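A.B. asks: What follows is a predicted protein model with its sequence.
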Amino acid sequence: MIRPLQWAGTAAGVAGAFLVAANVPASGWGFLLFLINSTTWATAAALMRNRPLLLLNLAFCAANGVGIWRWLI
């Protein structure tokens with residue numbers, strides 16, 4: 001179960017990075033992809049009992065929430 005979460009999180013993170021880097025009107029949606037990335041990796045980290053990775057991705061969730069708030073809401 002962990003491996004699909006890792007791959008889904010990685011794919012969302014790569015897609016989000018390219019969307020934000022493109023600097024197009026839809027770039028704000030990259031933060032939603034980053035939020036998917038960080039929540040899937042936080043879930044995987046919790047299942048692996050990897051606390052540093054979990055804490056990092058919870059912080060990314062908060063930062064992505066700010067990005068969503070500023071760009072999309």
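C.D. replies: Right, received. Where do you want to start? Numbers count the residues shown, from 1 in each chain.

A.B. asks: ranges for the helices of this protein?
C.D. replies: Along the chain, counting by DSSP state H, helices occupy 2-22, 29-48, 51-72.

A.B. asks: quick one: buried residues of the last one?
C.D. replies: Yep, that's helix 51-72 we're talking about. Of the residues in helix 51-72, those buried by neighbour count under the rule 16 or more other Cβ atoms under 10 Å are L54, N57, L58, F60, C61, N64, G67, I68. C-beta coordinates here come from the backbone N, C-alpha and C atoms, glycine included.

A.B. asks: Also compute the angle for it relative to helix 2-22, please.
C.D. replies: Put simply, helix 51-72 runs at 40 degrees to helix 2-22, going by axes from the mean of the first three to the mean of the last three Cα atoms, to 10 degrees.

A.B. asks: how far off helix 29-48 does helix 51-72 point, in degrees?
C.D. replies: Counting by the same axes, to 10 degrees, helix 51-72 lies at 160 degrees to helix 29-48.

A.B. asks: who's in contact with helix 51-72?
C.D. replies: Helix 51-72 is contacted from outside by 27-29, 31-32, 34-35, 37-39, 41-42, 44-46, using Cβ atoms under 8 Å, 6 or more residues apart in numbering.

A.B. asks: And the pLDDT at I73?
C.D. replies: As predicted, I73 sits at a pLDDT of 89.

A.B. asks: and stretch 33-40, C-alpha only, in CSV?
C.D. replies: Output of stretch 33-40 as CSV, limited to C-alpha atoms (Å, rounded to 0.1, in the frame of the first residue of the first chain):
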residue,chain,number,x,y,z
LEU,A,33,-1.2,19.2,-6.8
PHE,A,34,1.5,20.0,-4.2
LEU,A,35,-1.1,19.5,-1.5
ILE,A,36,-2.0,16.1,-3.0
ASN,A,37,1.8,15.4,-3.0
SER,A,38,2.4,16.3,0.6
THR,A,39,-0.7,14.5,1.9
THR,A,40,0.1,11.3,0.2
